[in-house]
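Novice: Predicted model and sequence below, questions to follow.
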2 protein chains.
Amino acid sequence: MKNLSGKAAIVGIGTTGFSRDSGMTELRMTCECIRAALDEAGLVPPDIDGIVKHTDDATDEHSVTSAMGMGNLTYFGESRWDGAPCSMLLRAAIGVAAGAANYVVVYRAVNSSSQRRMRTSSRNMAQMATGDLIQWTFHAPFGLLTESGRVAMIVRRYMHEFGIDRDDFGWIPVVCRENGSRNPKGMYFNSPLTYQDYLSSRSIVEPLRVLDCYEPADAAAALIVTTAERAGDLRQKPVYVLGAAQSTVPETEEKNSFYGQSIAGLPEVRSVGKRLFATAGLQPGDIRVAELDDAYSPLVPMQLEELCLCDPGGGVAFCKGGDRIRSSGSLPLNTSGGSLGEGHLYGMNHVIEAVRQVRGTAATQVNNTGPVLVATGAGGPASGLILGGAR
Amino acid sequence: MKNLSGKAAIVGIGTTGFSRDSGMTELRMTCECIRAALDEAGLVPPDIDGIVKHTDDATDEHSVTSAMGMGNLTYFGESRWDGAPCSMLLRAAIGVAAGAANYVVVYRAVNSSSQRRMRTSSRNMAQMATGDLIQWTFHAPFGLLTESGRVAMIVRRYMHEFGIDRDDFGWIPVVCRENGSRNPKGMYFNSPLTYQDYLSSRSIVEPLRVLDCYEPADAAAALIVTTAERAGDLRQKPVYVLGAAQSTVPETEEKNSFYGQSIAGLPEVRSVGKRLFATAGLQPGDIRVAELDDAYSPLVPMQLEELCLCDPGGGVAFCKGGDRIRSSGSLPLNTSGGSLGEGHLYGMNHVIEAVRQVRGTAATQVNNTGPVLVATGAGGPASGLILGGAR
């Protein structure tokens, strides 16, 4: 896979911003984001000949193609699972590198707040795949019905193994909201959170407090990927895909990997990390900024460990007090605010923010940015990217 | 894309055969096919590190991985649309060529007869994507509810433009059943069809007779794809992916492309054909056997034209009497029987049969087989393959 490094680049991004009610259809959000990404790049709709979408996005290739006046598509497909954003970029990068398409759009557009809330209750079980249903029969009768409940199981064991105090998870949402309060497109602009606010927020499923968990949002984002050669001719400074990886392991289920030897870790993220660094020819110490999956705050220290960005078992200590992970710290995290401080778009906003960090255009911009790491899908099928401004 | 030609190979295949009631879950069918494909190749489940599935398959990667004892997956994703089989192979080929995985499984397993019939009535409209629903509002109130009805619209125009007699479509099912009657794994083993049987079969939506349309079946198939280098070390003679392409055009909707300048053609198939031959560095005249989408028999002559395998407007004349398209003809078609003579698995059986033709192990084996062309998805998002025994 090393031969993929630097072969593809992100040349345009577009986002709607986050809200609790977009007032737009998902199709319109998709088109607005793609239009913005095209304008940035200096491209027009007929230039697009590839689309990588998410299975859960109701807006399909045909709606987008006809609504926007695109031409023939020669490369299109889908990724499933919440952890898909980075794998969608992997798929796009492989596609342009192989010549299956020249300019590939990757998008997500979901009115998760105003229209549909996914996987938050047993209501959706009727629509589940057979495989899911088989597994759920072991959990559902005992009341383990929600995603947060499943995450809580893993977190509880993680706390037990490493002697962690649940209060220490609070530094993640505090720092995310600190970043998010500077982000005018986010849900929490000008709304910082104090550590005391965190401590007094209610538990929803112990050890998780409500402020540990993402809030459903309406949002959309799109990116355009092309080859490194073509990227040089476009308007924006290219953001190269230095590394891309995805992983699922035998015991993986979505936010529900209870069958491994230990449930206190994120083996998919570990596997992604190894492949990412190998692909990019980089070391964990080379990473200057990381955008990690913060749908549930305890997943952040766990990812820091699995990606070798801190010592094993040391993730919570690394985050404590927030100084290391703030924008002024040694490893700033989730600089746009992430899921907890900007809004939840299943990690797609994390990829967008990584592009901004490499370009130097983020609301919370880190100085002298080297390679930026993105990880999506902690606790389930996972994927990751390393992006950089030089090949 | 020319650089992809010959880089990937199919090294194992497995099928369940076709029936009206498999008596098995789709998960079990999937696993049995994968097991057979692995055995053929001389591989074991932990060798597999990639899966490309179809969106509509309820059996997901996790169920397969845990049921079969596979290891970590580093490349997985989905293709939507009935015309996906060849695009799934494209995706697998690109993945192994890029090093995203070493051995990728591609499968479909659907109990379409005994469990669920897809897109055959308006019952499924509640589950449709927004984009589909927008389009359907223009057709459904006027009674255009079924896939066969939409295909009939296109066929009617094709007949008008080229002065075609509907009775002449009958040679497609006759030849398909002739081939299928020699195929012990098919639904129509030892059940040939006479041209007179065709003429006396009832119309279901004019100009389509019931024998022009596929019948839902229970079936599954799996293939294993790896790099050409690795393929050389395995048990089977490698079947190389010489060309692979997919296409959708601005006016495309599934079996429903009414918005183009002419509705009497298959523009997606035309686009696939151009890319296929360009990728493989071959000409239409090089093709010795073709496995074409025969879910509806009139689509076969239309594909022959769009793929430049016969003269424009000459598809029906090419098929008339059956002599050119029989196994002894100049261009044998659908040698396993295809959808009309073996059974309907959304084109996946067409890919399997192409592999057998290249290997020389088909029930209806064509002599001196050169490159074999497969086309899936006529009338909607389309994809195609050219397979061969030499790079």
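Specialist: That came in fine, so what should we check first? Predicted model, so just to flag it, every value in this text is computed and none were measured.

Novice: how about low-confidence regions in the stretch 1-150 of chain A?
Specialist: Residues of the stretch 1-150 of chain A meeting the criterion pLDDT under 70: A:1-2, A:116-135.

Novice: now the helices: where do they sit in it?
Specialist: Per DSSP state H, counting those that start in this stretch, the stretch 1-150 of chain A carries helices over the ranges A:26-41, A:61-68, A:85-98, A:130-136, A:147-162.

Novice: can you redo these as CSV with mean neighbour count?
Specialist: Where C-beta positions appear, they are placed from N, C-alpha and C, glycine not excepted. Output for the helices of the stretch 1-150 of chain A, formatted as CSV (neighbours: other Cβ atoms under 10 Å in any protein chain shown):
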stretch, mean neighbour count
helix A:26-41, 22
helix A:61-68, 22
helix A:85-98, 28
helix A:130-136, 18
helix A:147-162, 19
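
Novice: Next one: the residue nearest the centre of chain A from A:P85, what distance?
Specialist: Nearest to the mean C-alpha position of chain A, by Cα atoms, centre = their mean, lies A:G347 at 2.0 Å. Distance, A:G347 to A:P85, by Cβ to Cβ, to the nearest Å: 4 Å.

Novice: what is in contact with the two at once?
Specialist: Residues touching both A:G347 and A:P85 (Cβ atoms under 8 Å, 6 or more residues apart in numbering or on different chains) are A:V374, A:T376.

Novice: picking that back up, of all the helices of the stretch 1-150 of chain A, which lies closest to B:Y259?
Specialist: helix A:61-68 (7.4 Å; Cβ to Cβ).

Novice: between the closest one and helix A:26-41, what angle do the directions make?
Specialist: Interaxial angle of helix A:61-68 relative to helix A:26-41 (axes from the mean of the first three to the mean of the last three Cα atoms, to 10 degrees): 60 degrees.

Novice: Okay, strands next: where are they in the stretch 51-200 of chain A?
Specialist: Ranges of strands in the stretch 51-200 of chain A, per DSSP state E, counting those that start in this stretch, are A:75-79, A:103-111.

Novice: Between these, which one is closest to B:Y75.
Specialist: Relative to B:Y75, the nearest member of the strands of the stretch 51-200 of chain A by Cβ to Cβ is strand A:75-79, separated by 10.9 Å.

Novice: quick one on the thing from earlier: distance to chain B added to the helices of the stretch 1-150 of chain A, as TSV?
Specialist: Formatted as TSV, those follow (distance: least, Cβ to the nearest Cβ, whole Å):
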stretch	distance to chain B
helix A:26-41	6
helix A:61-68	3
helix A:85-98	5
helix A:130-136	3
helix A:147-162	14
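
Novice: Any residues of the stretch 251-391 of chain A in contact with chain B? List them.
Specialist: For the stretch 251-391 of chain A, the contact set with chain B under Cβ under 8 Å from any Cβ of the partner chain comprises A:E251, A:T252, A:E253, A:Y259, A:S271, A:R275, A:P381.

Novice: where's the dip in pLDDT among the residues you listed?
Specialist: Among these, A:E253 has the lowest pLDDT, at 70.

Novice: Can you report how many residues lie near that one?
Specialist: Using other Cβ atoms under 10 Å in any protein chain shown, A:E253 is surrounded by 22 other residues.

Novice: That one is in contact with B:H62, isn't it?
Specialist: Yes. Counting by Cβ atoms under 8 Å, A:E253 does reach B:H62; the two are 5.5 Å apart.

Novice: re the thing from before, of the strands of the stretch 51-200 of chain A, which is nearest A:G12?
Specialist: Here strand A:103-111 is closest among the strands of the stretch 51-200 of chain A (Cβ to Cβ), at 9.0 Å.

Novice: Direction included, what does that closest one pair against?
Specialist: When sheet partners are counted by DSSP bridges, strand A:103-111 sits next to strand A:50-54 (parallel), strand A:218-227 (antiparallel).

Novice: Need the nearest residue in space to A:T30, chain neighbours excluded.
Specialist: Among residues not flanking A:T30 along the chain, A:A109 sits closest, at 4.1 Å (Cβ to Cβ, 6 or more residues apart in numbering or on different chains).

Novice: pretty sure that neighbour is in contact with A:T15, am I right?
Specialist: No. Using Cβ under 8 Å, A:A109 makes no contact with A:T15, being 10.1 Å away.

Novice: what residues are shared contacts of those two?
Specialist: A:C33, A:A219, A:A220, A:A221, A:A222.

Novice: Quick one: residues contacting the first one.
Specialist: For A:C33, the contacting residues are A:G14, A:T15, A:T16, A:Y107, A:A109, A:A220, A:A221, A:A222, by Cβ under 8 Å, 6+ apart.

Novice: would you list those in a markdown table and tack on neighbour count?
Specialist: Formatted as a markdown table, those follow (neighbours: other Cβ under 10 Å):
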| residue | neighbour count |
| --- | --- |
| A:G14 | 25 |
| A:T15 | 25 |
| A:T16 | 21 |
| A:Y107 | 26 |
| A:A109 | 30 |
| A:A220 | 30 |
| A:A221 | 30 |
| A:A222 | 28 |
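
Novice: got TSV for those residues, with distance to B:S327 too?
Specialist: Shown next, in TSV, are those (distance: Cβ to Cβ, whole Å):
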residue	distance to B:S327
A:G14	54
A:T15	57
A:T16	57
A:Y107	46
A:A109	50
A:A220	52
A:A221	53
A:A222	49
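
Novice: And these, which is closest to B:P284?
Specialist: For the contacts of A:C33, the nearest to B:P284 is A:Y107 (36.2 Å; Cβ to Cβ).

Novice: Please produce TSV containing the helices of the stretch 1-150 of chain A, extended by distance to B:V355.
Specialist: Conversion of the helices of the stretch 1-150 of chain A to TSV gives the following (distance: least, Cβ to Cβ, whole Å):
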stretch	distance to B:V355
helix A:26-41	38
helix A:61-68	28
helix A:85-98	22
helix A:130-136	27
helix A:147-162	41
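
Novice: Nearest to A:G388, out of those?
Specialist: helix A:85-98 (13.3 Å).

Novice: okay, that closest one in PDB with CA atoms only?
Specialist: The C-alpha coordinates for helix A:85-98 follow below in PDB (Å, rounded to 0.1, in the frame of the first residue of the first chain):
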ATOM      1  CA  PRO A  85     -15.400   8.600   6.400                       C
ATOM      2  CA  CYS A  86     -11.700   7.800   6.200                       C
ATOM      3  CA  SER A  87     -12.400   4.600   4.300                       C
ATOM      4  CA  MET A  88     -14.500   6.600   1.800                       C
ATOM      5  CA  LEU A  89     -11.400   8.700   1.200                       C
ATOM      6  CA  LEU A  90      -9.300   5.600   0.900                       C
ATOM      7  CA  ARG A  91     -11.700   4.300  -1.700                       C
ATOM      8  CA  ALA A  92     -11.600   7.600  -3.600                       C
ATOM      9  CA  ALA A  93      -7.800   7.700  -3.500                       C
ATOM     10  CA  ILE A  94      -7.500   4.200  -4.800                       C
ATOM     11  CA  GLY A  95     -10.000   4.900  -7.600                       C
ATOM     12  CA  VAL A  96      -8.200   8.000  -8.900                       C
ATOM     13  CA  ALA A  97      -4.800   6.300  -8.500                       C
ATOM     14  CA  ALA A  98      -6.000   3.400 -10.600                       C
END
